[in-house]
Structure formats: structure tokens, C-alpha cells
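Q: Predicted model follows, preceded by the sequence.
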Amino acid sequence: MHRLFLDANVLFSAAFRANAPLRRLWNRSGVELVTSAYAVVEAERHLDAEQRTSLTELMKDVQVVPDAPSQDLPAGVMLRGKDVPILVTAIANRATHLITGDRRDFGRYFGKRLGGVLVLPPRDYFESIRRKPRRPRKKR
């Protein structure tokens, strides 16, 4: 099972347009969607009233986890202050993936594991699950 930590920009994009491709995350089996209150507030800040209503509906299927008390990043990782709570909360809550469209700040870490969390943009996540070979069925 994948435990996907959704960054604020993913929440924003999914709420911004009703037909956003990102909404496919909400329809996948075998995934658990998680985020933090910090990410939700960041997403809400840039949405109009109708889009905030959409976000509220989407959040019914997303677990909001507590923000991590520690702000310690894994060795060698450098992020701007606004992104630190996202990564450390994803790590502290044992996400398997951090799904973010933030190329500016996370782009250099795309495809890398940071504190056990694989950082991917949504497109790469969808591509990775599409390419994943299926296990052959056992004969009975």
C-alpha cells in the first residue's frame, strides 16, 4: 500500500479544477492519502470560495496528520523554510511518497528518497504505477 503525502500545490490543483487529472489519486485503490493542516492552509490561501468548497469535499478522503514537531531535515537536504514542514511531516508520518508539483524547491530531489520518502511529481507517480509489472497469478 502506498501512503501518499500530498503537498499543498497538489491539493490546490485538485481543488482548482473539477476535472484536474490529479483527482485520479482520489480514485486509486491501494493508496492512503495524507497531508498536514499546514498544507491544507497553504492550499486554501489561494483558492476562491467555490474551490475551497471543492477542497473540503476532497479532504473527506484525506487523512490530516499532525505537523511534525521536529524541523530536522535529513543530512544534505536543503529546502526553503516553507517546505521544511512538508518534508519532515511526510517523514514523521511514514509516507511512502511525497507527491509535489514544486519543481523549484523539490525538483532536485525528484526520484530520490529523503528519510525513507520517495519524492515525486504527480506525473512521475502515475507513470511509475503504470509501468509497474504485475505479479503473475499463481496457478491453482
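A: Structure received.
Q: So residue 122 sits against residue 98, correct?
A: No: the pair residue 122 / residue 98 is not scored as a contact, 11.1 Å apart, by CB atoms under 8 Å. From N, CA and C alone the C-beta is placed, and that goes for glycine too.
Q: And those two? Which one has more around it.
A: Neighbours per residue (other CB atoms under 10 Å) separate residue 122 from residue 98, with residue 98 holding more: 27 against 22.
Q: Just the element for that one, please.
A: strand 97-99 (DSSP states H and E).
Q: what's that strand packed up against?
A: strand 2-6, helix 84-92, strand 117-120, helix 122-131 (3 or more CB pairs under 8 Å, 6 or more residues apart in numbering; DSSP states H and E).
Q: who's in contact with the nearest residue to residue 62 once chain neighbours are set aside?
A: Counting by CB to CB, 6 or more residues apart in numbering, residue 62 lies nearest to residue 33, which is 4.4 Å off, once chain neighbours are set aside. With contact set as CB atoms under 8 Å, 6 or more residues apart in numbering, residue 33 has these partners: 4, 6, 25, 26, 61, 62, 63.
Q: Out of the residues you listed, which is nearest to residue 43?
A: Distance to residue 43, by CB to CB, is smallest for residue 6 among these, at 8.9 Å.
Q: Please enumerate the strands of this protein.
A: In the chain, the strands defined using DSSP state E lie at 2-6, 31-36, 63-65, 97-99, 113-114, 117-120.
Q: With respect to residue 77, which of those strands lies nearest?
A: strand 113-114 (5.7 Å).
Q: Pairing partners for the closest one, with directions?
A: strand 117-120 (antiparallel) (DSSP bridges).
Q: Where does the prediction get shaky in this protein?
A: Low-confidence segments of the chain (pLDDT under 70): 131-140.
Q: Would you mind measuring from the residue nearest to residue 7 when sequence neighbours are not counted to residue 29?
A: Using CB to CB, 6+ apart and skipping the chain neighbours, the partner closest in space to residue 7 is residue 100 (3.6 Å). Remark: distance between residue 100 and residue 29 (CB to CB, to the nearest Å) = 22 Å.
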